[in-house]
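> The following block contains a protein sequence and its predicted model.
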Amino acid sequence: MANVLFVCLHNAGRSQMSRALFERAVAGRHTADSAGTTPADRVHPEVVEVMRELDIDLRGRVPQKLTTKHAEWADVVVTMGCGDACPFIPGKRYIDWQLTDPKGQSTDEVRDIRDEIEDRVAELVEEIDAAAVAPRS
């Protein structure tokens, strides 16, 4: 089982969508969390709206501040626009996804971001699942 941490600036958009889509895709095979370097008060309403279209409810999610403990827990850290504010823990796998911040974007633009995240999550899950069954040397 892999632990995946999704990190963005406010933990109110990209990282929340990524975590939710990852959790749905893995159906309990792996775990996920999300955090932000400067967390917002709530998940962006436009993000809640487009995720509801997929029957994923983010209304109860509360953005949380990124800590070193988050990064230590994770096997894979996916960053999205937090740059040098993201802690670096040696031995962890880091992936940087260049994604537009959905805050203040139109519903169509947020939907496009969500769909791109869904594609990236599918690729990540495939990689993690393949690594889990690969023989160790």
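That came through fine. Residues are numbered from 1 along each chain as shown.
> Can you tell me which helices and strands the biggest helix by length in the chain packs against?
Longest helix in the chain by number of residues (criterion: DSSP state H): helix 107-133. Under the contact criterion of 3 or more C-beta pairs under 8 Å, 6 or more residues apart in numbering; DSSP states H and E, helix 107-133 touches helix 14-26, helix 45-52, strand 76-80. C-betas here are computed from N, CA, C, even on glycine.
> change it to 7 Å
On a contact count with 3 or more C-beta pairs under 7 Å, 6 or more residues apart in numbering; DSSP states H and E, helix 107-133 meets helix 14-26, helix 45-52.
> mind checking which of the ones you listed is nearest residue 73?
Among the helices and strands packed on helix 107-133, the nearest to residue 73 by C-beta to C-beta is helix 14-26 (13.4 Å).
> Let me see the mean pLDDT of whatever helix or strand comes next after the closest one.
Using DSSP states H and E, the next helix or strand after helix 14-26 towards the C-terminus is strand 31-36. Across strand 31-36, pLDDT averages out at 96.
> Show me how far strand 31-36 is from its chain's centre.
Here the centre of strand 31-36 is set off from its chain's centre by 6 Å, with C-alpha atoms, centre = their mean, to the nearest Å.
> Extract the CA atoms of it and return them as PDB.
The C-alpha coordinates for strand 31-36 follow below in PDB (Å, rounded to 0.1, in the frame of the first residue of the first chain):
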ATOM      1  CA  THR A  31      -4.100   6.000   0.900                       C
ATOM      2  CA  ALA A  32      -4.000   9.700   0.200                       C
ATOM      3  CA  ASP A  33      -3.900  13.000   1.900                       C
ATOM      4  CA  SER A  34      -3.700  16.600   0.800                       C
ATOM      5  CA  ALA A  35      -2.300  19.800   2.300                       C
ATOM      6  CA  GLY A  36      -1.300  23.400   1.400                       C
END
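> Can you pull out the residues in contact with that strand?
Strand 31-36 is contacted by residues 1, 3-12, 15-16, 18-19, 22-23, 63-66, 70 when judged by C-beta atoms under 7 Å, 6 or more residues apart in numbering.
> Please produce a ChimeraX select command covering the buried subset of those.
With 16 or more other C-beta atoms under 10 Å as the criterion, this ChimeraX line picks the buried residues out of these:
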select :3,4,5,6,7,8,9,10,11,12,15,16,18,19,22,23,63,66,70
